[in-house]
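Peer 1: Take this sequence and fold it.
(chains A, B and C)
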Amino acid sequence: MTILAQRPKSLLDVPMHYCPGCGHGIVHRLMAETFDELNIADRVIGVAPVGCAVFADSYFACDMVQGAHGRGPAIATGIKRSKPGAIVFSYQGDGDLASIGMAEIVHAAVRSEKITVIFINNAIYGMTGGQMAPTTLVGQVATTAPKGRDPELQGWPINMCEMLAQITGSKYLARVAVDSPQNVIKAKQAIKKAFENQVNGVGFSMVEVLSQCPTNWHADPMKALEFVRTKMMPQYPLGVFKDEGAK
Amino acid sequence: MPKIEVDANKCKACYLCVNACPKKCLGPSKTISKKGYFPAEQQRPEDCIGCKMCYLVCPDVAITVIK
Amino acid sequence: MTEKTLRKGNEALAEGAIRAGCRFFAGYPITPQNEVPEYMSANMADAGGAFVQAESEVAAINMVYGAASTGTRSMTSSSSPGVSLKQEGITYLASADLPCLIVNVMRGGPGLGSISGAQGDYFQATRGGGNGDYHVIVLAPNSVEELGNFPKLAFDLAEKYRMPCMILADGILGQMMESMSFNFDPVDPNQLGKFDWAVDINKNGRKKNNVFSYKGDNLIADVVERAKRYGYIEKTEPRFETRQTEDCDVLLVAYGLSSRACMEAVVKGREEGLKVGLFRPITLWPFPSEALRSAAKNAKAVVCVEQSLGQLVQDVKLALNGAKPVYLNAYPAGGQPDGGTILPAVKSALNGGTEGLFDLQRHAEGFSYECKRDASLGVQGDWKGGK
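Peer 2: This next block holds a predicted model:
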């Protein structure tokens, strides 16, 4: 009897609190697999965000710090600079990273902090109940954009990978999705690369994951996958935006 | 013959695995779980090819694939 | 113990922190504390630590949150408006039970205020400027000597009780030069033991550590449990200094730089035959209430001398609980006391006068005020512009 696929060791054997069909759990698994495969589990220290993943420290087997909304990259900076041998990640949602924490993510990239950022973009504030995020699509309905996001009043969605690519200190930027087995495999490759970069001391690496939020999109899990493909991907094209990894 | 084990305590019945299976060998259980879901289960093991697609898309990491 | 040398307050503080084993500093430029990050940027790397000039005060305090999570002796410094920005991080540090050092070299406020020394942040420091029920230990030095030596005390207390410790200085103290020496041996942080709660590498099979702000199961129990530490600290850690309190008729109460002016007032007053004494809280939280009560036992009146508009005086009134008349001699927003301005207040307190004594309602006597909207200027609905 051979086990072809099972829960990675770096993910604790507990049920997760995420809604049915939510993309967070897939990303958690990909990260945990990466820790196991790169044999870095003993060195990983994670920073959990404020948002749906606030309890991520209950799921990852590594040491975790949970801090203030948007400040993950600053907290990760403090950890990495004090323990340069640690593999430090900051796990953040779109409101966390692209709104309240904009200064922290930009300047972590400017300083090219040797950290890995996993950025979950589901175009909505999940934990607080479906408010408009900086990444909410034009026309997308949210509880604070009841008629849909109107650029005249609320501006346009922000593309973080493209924006951070302009900063010299960013070294690896990729946007992936977890809507299909094929894309999950690609997401894994990007996440692995972003952590390999840190092992090799390359500099600031971030993977943006287009993730489904069936609850706040008011969609069933299958329709949520469709939303990722037909609505999110045109605004947020998948791909590698920067790769200045180990030469 | 590959075997798909679904942890009924973790499965939240999103059925992304059912959707992803190229051989359509998974389906909803008829038994309700402790959490109140009808978890996914392997219903036609004879068709399973062990491709792990179900494992790849499972958000609750509830699936183990055994050969 | 080192030889006495002439040092600037901010530099003594920075050097004292490095000697105390601080190996992580994050800060943002703001006057009048810039010598602290400047000194750290020049010396922290040589000491084997990390200096980060953060993008904001908010980021700086959160970098400290991260560094402190690893058990590293970590600090940030700023001045009043910058410390306002740090309050988010401070309440998170308190809730996550993280030891660290926060320095406020106060300047005039509110708002942008001025860059001259002031004591307007007493409430912010002692009441907790952030949300929720928490305290930070607050140390108030009154000399460059203390500014240089308090970082060691601050780290020791912060680690002993797993909570942030603040040094509340002011712009003049930070900027002035005095002869000082360090009264402790340099700490080698590499030789300090690890904490069982810190996040770290090389876990070697130990249990997983989480540093949480919100533990997610029973917040009430956590807050109530943490309050036991606060109560214990209130009982065991108050620090203070007294000058000629045994026979005093008027007890001055002042902390930080104001207490230096009060020392002059004690000497000058006694030369004039006034029995003046001084009580100087060194810890502002825990406030040395019991010691103040015994120092004031024989006094006829108590006068608070503070460079703010009635902040310290509230703790003094709480401590004395009506047992003595308490007056205020106030120098808000960057005003500076000296012996000559304090003594009239001492005399007023003794003879029922008002010179030198500040009372908010008396201050507003004969004054009335009402801001009115004026439709002749136009109406708010004119937003489209034009006629």
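Peer 1: helix/strand/coil for residue A:225?
Peer 2: The three-state assignment at residue A:225 reads helix, by DSSP: H, G, I helix; E, B strand; the rest coil.
Peer 1: which ones are touching the nearest residue to it once chain neighbours are set aside?
Peer 2: Of all residues not flanking residue A:225 in the chain, residue A:179 sits nearest, at 4.6 Å (C-beta to C-beta, 6 or more residues apart in numbering or on different chains). In short, each C-beta sits where N, CA and C put it, glycine included. Contacts for residue A:179 (C-beta atoms under 8 Å, 6 or more residues apart in numbering or on different chains) come out as A:210, A:212, A:225, A:228, A:229.
Peer 1: Chain C contacts on chain A?
Peer 2: Chain A has residues A:42-43, A:45, A:47, A:54-55, A:57-58, A:61-68, A:71, A:74-83, A:85-86, A:103-104, A:106-107, A:110-111 near chain C, with proximity defined as C-beta under 8 Å from any C-beta of the partner chain.
Peer 1: ok, now with 6 Å
Peer 2: A:42-43, A:45, A:57, A:63-68, A:71, A:74-75, A:77-79, A:81-83, A:85-86, A:103-104, A:107 (C-beta under 6 Å from any C-beta of the partner chain).
Peer 1: and those, which of them are in helices?
Peer 2: Residues of those located in helices (DSSP state H): A:74, A:75, A:77, A:78, A:79, A:81, A:82, A:103, A:104, A:107.
Peer 1: Tally up the residues packed near the second one, please.
Peer 2: Counted with other C-beta atoms under 10 Å in any protein chain shown, the neighbours of residue A:75 add up to 33.
Peer 1: what does the fifth one give?
Peer 2: Neighbourhood size, residue A:79 [other C-beta under 10 Å]: 31.
Peer 1: nearest residue to it other than its sequence neighbours?
Peer 2: Using C-beta to C-beta, 6+ apart and skipping the chain neighbours, the partner closest in space to residue A:79 is residue C:66 (4.2 Å).
Peer 1: List the contacts of the host helix or strand of the one you found.
Peer 2: Following DSSP states H and E, the helix or strand that holds residue C:66 is helix C:57-69. Helix C:57-69 is contacted from outside by A:65, A:67, A:71, A:74-75, A:77-79, A:82, A:104, C:24, C:26-28, C:52, C:54, C:74, C:76, C:78, C:82, C:85-86, C:89, C:93, C:98, C:100, C:199, C:211, using C-beta atoms under 6 Å, 6 or more residues apart in numbering or on different chains.
Peer 1: Now list the buried members of those residues.
Peer 2: Neighbour counting with 16 or more other C-beta atoms under 10 Å in any protein chain shown marks A:65, A:67, A:71, A:74-75, A:77-79, A:82, A:104, C:24, C:26-28, C:52, C:54, C:74, C:76, C:78, C:82, C:85-86, C:89, C:93, C:98, C:100, C:199, C:211 as buried within the contacts of helix C:57-69.
Peer 1: and stretch C:28-44, how far apart are its ends?
Peer 2: Using C-alpha to C-alpha, to the nearest Å, one end of stretch C:28-44 lies 16 Å from the other.
Peer 1: near chain A, anything from that stretch?
Peer 2: No. Judged by C-beta under 6 Å from any C-beta, stretch C:28-44 and chain A are separated, with a smallest distance of 10.3 Å.
Peer 1: about what we covered before: can you pull the pLDDT of the residue nearest to residue A:225?
Peer 2: Listed pLDDT for residue A:179 reads 97.
Peer 1: do residue A:121 as well
Peer 2: Here, the pLDDT recorded for residue A:121 equals 98.
Peer 1: can the ones in helices among the residues of chain A next to chain C go into a markdown table with extra columns for pLDDT?
Peer 2: Formatted as a markdown table, these follow (pLDDT from 0 to 100):
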| residue | pLDDT |
| --- | --- |
| A:74 | 98 |
| A:75 | 98 |
| A:77 | 98 |
| A:78 | 98 |
| A:79 | 98 |
| A:81 | 98 |
| A:82 | 97 |
| A:103 | 98 |
| A:104 | 98 |
| A:107 | 98 |
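Peer 1: can you map out the strands along the stretch 201-350 of chain C?
Peer 2: For the stretch 201-350 of chain C, the strands defined by DSSP state E, counting those that start in this stretch cover C:210-211, C:240-243, C:250-253, C:276-281, C:283-285, C:301-306, C:326-330.
Peer 1: Include mean pLDDT when you put those strands into a markdown table, please.
Peer 2: Output for these, formatted as a markdown table (pLDDT from 0 to 100):
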| stretch | mean pLDDT |
| --- | --- |
| strand C:210-211 | 95 |
| strand C:240-243 | 98 |
| strand C:250-253 | 98 |
| strand C:276-281 | 98 |
| strand C:283-285 | 98 |
| strand C:301-306 | 98 |
| strand C:326-330 | 98 |
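Peer 1: Report the contact partners of residue C:295.
Peer 2: Residues in contact with residue C:295, defined by C-beta under 6 Å, 6+ apart, are C:242, C:245, C:279.
Peer 1: coming back round to it: could you identify the helix or strand that succeeds the helix holding residue C:66?
Peer 2: Next in sequence after helix C:57-69, counting helices and strands by DSSP H and E, comes strand C:74-78.
Peer 1: How about that next one and chain A, touching?
Peer 2: No. Residues of strand C:74-78 are not located near chain A by C-beta under 6 Å from any C-beta, the shortest gap being 7.0 Å.
Peer 1: Against which helices or strands is that strand packed?
Peer 2: strand C:24-27, helix C:57-69, strand C:100-106 (3 or more C-beta pairs under 6 Å, 6 or more residues apart in numbering or on different chains; DSSP states H and E).
Peer 1: Deepest-packed of those, please.
Peer 2: Among the helices and strands packed on strand C:74-78, helix C:57-69 has the highest mean neighbour count (mean count of other C-beta atoms under 10 Å in any protein chain shown), at a mean of 31.
Peer 1: What distance do you get for the residue in chain A that chain C sits nearest to to residue A:4?
Peer 2: Nearest residue of chain A to chain C, counting by C-beta to the nearest C-beta: residue A:78, 2.7 Å away. Distance of residue A:78 to residue A:4, given as C-beta to C-beta, to the nearest Å: 40 Å.
Peer 1: ok, the residue in chain C positioned nearest to chain B - contacts?
Peer 2: Distances between chain C and chain B by C-beta to the nearest C-beta are smallest at residue C:208, namely 17.7 Å. Remark: with contacts taken as C-beta under 6 Å, 6+ apart, residue C:208 is in contact with residue A:63.
Peer 1: For chain A, which segments are assigned as helices?
Peer 2: A:24-37, A:72-82, A:94-95, A:102-110, A:151-154, A:160-164, A:181-199, A:214-217, A:221-227, A:233-235.
Peer 1: Is there proximity between whichever strand or helix holds residue B:65 and chain A?
Peer 2: Element membership for residue B:65 (DSSP H and E) is strand B:63-66. Yes. Using C-beta under 6 Å from any C-beta, strand B:63-66 reaches chain A at B:64, B:65, B:66.
Peer 1: The second one: neighbouring residues, count only.
Peer 2: By other C-beta under 10 Å, the residues close to residue B:65 number 22.
Peer 1: try the last one
Peer 2: Neighbours of residue B:66 under the rule other C-beta under 10 Å: 15.
Peer 1: measure the spatially closest residue to it that is not a sequence neighbour to residue A:52 for me?
Peer 2: Spatial nearest neighbour of residue B:66, excluding adjacent residues (C-beta to C-beta, 6+ apart): residue B:3 at 4.6 Å. For residue B:3, the distance to residue A:52 equals 32 Å [C-beta to C-beta].
Peer 1: which residues touch stretch C:354-374?
Peer 2: Residues contacting stretch C:354-374 (C-beta under 6 Å, 6+ apart): C:327, C:328, C:329, C:330, C:344, C:345, C:348.
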